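can't give you the sequence, but here's the structure:
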């Protein structure tokens, strides 16, 4: 089978590609060809795989050609991130909304003009579709059927794409499924400008032997998932039958609802008190204010019925991160220098 | 002040224009100029008003010019209807989504490039954003905060526009408010292809002395509003302060939750048994199937806080229709020949 992964050069897209290539099959079919599109080329290990074809450049410039190219499955992960979308409204609308629409229309074209069967497609939506609007009571812990009232352009664009995918699916243009990713922790690499950056930073930097500042209170709670469970969730949603997915509404992927204090307790449990001591609390009102608008947790009843569950505790997530670093320290730009 | 009404040549747009011109003011300012855009020209009485300027043609072709034209308020009513959007997917996406986006971007351009204040804008969304998806329990009676899972392209497009308007408002590009219209009854004119056509037909045709077929059971219940209350609702939402509107989420306009049987009882009360006897029940499985997916009623708590309420009973709606017909029989193409 031939797969398309948009955003295939990014952190999650590359991990998804690696996982799929290592499995060698998806939904019972052998994976022969994986096309990775992204604005940057994918990591070297993926480029070296004979089954991988990298197409570098904006997705929007590539969708016209997709009208005449058959894929057996699409994972649509390409996205401008939350901070970028707030800073550059036009960029977010173009990268997240116009690109998705153009991709959907390319797949529709294959059905309407080419007589093809609807292509199965998984879309990575986000817990960012949820937020507190004064008009609506906000539950804090968001369920599959919580009313999304996004408070960022990123969340708005993700929600709009969820509904486009539902309608294109209803019309038979695609076989689409939208899955909302929880905050992915621990991300490797450097801190970035995202307000959520510290959730990874307070684990990653201490393990690398570097001090880290936590800008919010230890009581802050949020739903999180590891990169591995997130990728597994996307694959499970792809492999689910339409009946098992149930309906066309987006579902929540599982998240572990965890407080910052619990994360640090887990860090101490796994790596010892000296590592934990590298985290210092220094409140940043801007970040604390943003995070105060985020869900404090989530439930994922529909994902559970697909066999997907959150991690049992945050120590599991840290141990998985350490294992990942040991397997691929260079590719992931990670360090465990702080670990005794 | 200078107003823009998109869809200003249509039934509701023309009624809104007439109501505004008769009032002479909106939000405390004198109305000097009303621009009506539509694919067809507005009714003659509007064209004859010196304050009215009609611009005929697709909205999408007119939005570029709107970038440099200042309006003190916009009522965005232009829309392809539900049946059209199901029959021609591309038409719906273009007329309902692309046109709205282009209008929003023209208003954004004035703020970002022209330094203008955000233009106040009311968007006519629809009860069609609601529908039953197997993934989500459907309450039947839909509230302001019921989760919309639209089951038509029209409903999907309206919901997407609600979220665009909320985000453009959050960013300060517009001062937008989305109001969900209930099914507007009694519409004048001829029966049309809409599945909801009979809701008006079973009142309008008997009053005109013509037989009418009701394709669903007398037990079918649905939220309805008169043209007058619908127009009043749009004006009230425009005039509300941002604080009074509360948040940026769309609100339900009031609807009277009424069964077909209640509608016919009201018809008999107002017009006598001979008029009611002109309605015959003949089940149409296609229409009954579509209507079975519609909300059986609605609540409108936020609209109530703005002072908006549904009609007390359906007889009120019928009496208002009769009064409308007597005032403007030609313009509205209506007949009361069946009324003794």
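Perfect, I can see it now. Predicted model only: the values in this text are computed from it and were never measured.

tell me which element the residue nearest to residue A:242 when sequence neighbours are not counted falls in.
In this structure, residue A:242 finds its nearest non-sequential neighbour in residue A:175, 6.8 Å apart by CB to CB, 6 or more residues apart in numbering or on different chains. Using the backbone N, CA and C atoms, a C-beta is placed for each residue, glycine as well. Using DSSP states H and E, residue A:175 sits in strand A:174-181.

avg pLDDT for the helix or strand that that strand is followed by?
With elements assigned by DSSP H and E, the helix or strand that comes after strand A:174-181 is strand A:183-184. Mean pLDDT, computed over strand A:183-184, is 96.

just checking, what packs against strand A:183-184?
strand A:221-225 (3 or more CB pairs under 8 Å, 6 or more residues apart in numbering or on different chains; DSSP states H and E).

in its sheet, what does the strand it packs on sit against?
strand A:183-184 (parallel), strand A:256-259 (antiparallel) (DSSP bridges).

among those strands, which is the most enclosed?
Compared across the strands paired with strand A:221-225, strand A:183-184 shows the largest average neighbour count, a mean of 22 (mean count of other CB atoms under 10 Å in any protein chain shown).

dump the residue contacts of residue A:261.
A:218, A:219 (CB atoms under 8 Å, 6 or more residues apart in numbering or on different chains).

is stretch A:65-77 in proximity to chain B?
No. Between stretch A:65-77 and chain B, judged by CB under 8 Å from any CB of the partner chain, nothing touches; the nearest distance is 14.3 Å.

mind checking pLDDT for the closest residue to chain B within the stretch 151-300 of chain A?
The stretch 151-300 of chain A approaches chain B most closely through residue A:247 (3.2 Å), counting by CB to the nearest CB. According to the prediction, residue A:247 has pLDDT 96.

OK, contacts around it?
Taking CB under 8 Å, 6+ apart, we find residue A:247 in contact with B:133, B:134, B:135, B:136, B:149.

repeat for residue A:124
A:7, A:12, A:75, A:76, A:77, A:79, A:179, A:181, A:234.

so which of the contacts of residue A:247 are also by chain A?
Applying CB under 8 Å from any CB to the contacts of residue A:247, those adjacent to chain A are B:133, B:134, B:135, B:136, B:149.

wouldn't the fourth one be in contact with residue A:249 here?
This points to residue B:136. Yes. Using CB atoms under 8 Å, residue B:136 makes contact with residue A:249 at a distance of 5.7 Å.

more neighbours, the two?
Each of residue B:136 and residue A:249 has its neighbours counted (other CB atoms under 10 Å in any protein chain shown); residue A:249 has more, 21 against 18.

which SS state does the closest residue to that one other than its chain neighbours fall under?
Leaving aside its sequence neighbours, residue A:249 sits nearest to residue B:135 (CB to CB, 6+ apart; 4.3 Å). Using DSSP: H, G, I helix; E, B strand; the rest coil, the structure places residue B:135 in coil.

quick check: phi and psi at residue B:135.
phi -80, psi -20 (degrees, to the nearest 10).

what about it, how many neighbours?
So residue B:135, with other CB under 10 Å, has 19 neighbours.

which ones are touching it?
Residue B:135 neighbours (CB under 8 Å, 6+ apart): A:144, A:145, A:246, A:247, A:248, A:249, A:251, A:302, B:149.

that older thread, mind listing the strands the strand holding residue A:175 pairs with, and their directions?
strand A:119-126 (parallel), strand A:251-252 (parallel).

using JSON lines, lay out the contacts of residue A:124 together with secondary structure and neighbour count.
Formatted as JSON lines, these follow (DSSP: H, G, I helix; E, B strand; the rest coil; neighbours: other CB atoms under 10 Å in any protein chain shown):
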{"residue": "A:7", "secondary structure": "coil", "neighbour count": "22"}
{"residue": "A:12", "secondary structure": "helix", "neighbour count": "21"}
{"residue": "A:75", "secondary structure": "strand", "neighbour count": "29"}
{"residue": "A:76", "secondary structure": "strand", "neighbour count": "26"}
{"residue": "A:77", "secondary structure": "coil", "neighbour count": "23"}
{"residue": "A:79", "secondary structure": "coil", "neighbour count": "27"}
{"residue": "A:179", "secondary structure": "strand", "neighbour count": "26"}
{"residue": "A:181", "secondary structure": "strand", "neighbour count": "21"}
{"residue": "A:234", "secondary structure": "helix", "neighbour count": "25"}
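
of those residues, closest to residue B:298?
Of all the contacts of residue A:124, residue B:298 sits closest to residue A:179, with 30.6 Å by CB to CB.

any idea which element the nearest residue to the closest one once chain neighbours are set aside lies in?
Once flanking residues are discounted, residue A:179 sits nearest to residue A:237: 4.7 Å by CB to CB, 6+ apart. Using DSSP H and E, residue A:237 falls within helix A:227-239.

shouldn't the residue nearest to residue A:179 be in contact with residue A:250?
No. Using CB under 8 Å, residue A:237 is not in contact with residue A:250, being 10.0 Å away.

and those two? which has more neighbours close in?
More neighbours surround residue A:250 than the other of residue A:237 and residue A:250, with 27 against 24 (other CB under 10 Å).

give the closest residue to that one in space, chain neighbours not counted.
Nearest non-adjacent residue to residue A:250 (CB to CB, 6+ apart): residue A:178, at 3.7 Å.

for that neighbour, what are its contacts?
Per CB under 8 Å, 6+ apart, neighbours of residue A:178: A:122, A:123, A:125, A:161, A:162, A:165, A:166, A:250, A:251.

which residues does it bridge with?
Beta-bridge partners, per DSSP bridges, of residue A:178: residue A:123.

where's it relative to residue B:135, distance?
11 Å (CB to CB, to the nearest Å).

kindly report the same for residue A:143.
For residue A:143 relative to residue B:135 (CB to CB), the value is 11 Å.

residue A:119 now?
Distance from residue A:119 to residue B:135, by CB to CB: 21 Å.

near residue A:107, how many other residues are there?
27.

a markdown table for the contacts of residue B:135, including distance to residue A:220 and secondary structure?
A markdown table is the format used below for the contacts of residue B:135 (distance: CB to CB, whole Å; DSSP: H, G, I helix; E, B strand; the rest coil):
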| residue | distance to residue A:220 | secondary structure |
| --- | --- | --- |
| A:144 | 23 | coil |
| A:145 | 25 | coil |
| A:246 | 32 | coil |
| A:247 | 33 | coil |
| A:248 | 33 | coil |
| A:249 | 29 | coil |
| A:251 | 25 | strand |
| A:302 | 26 | helix |
| B:149 | 31 | coil |
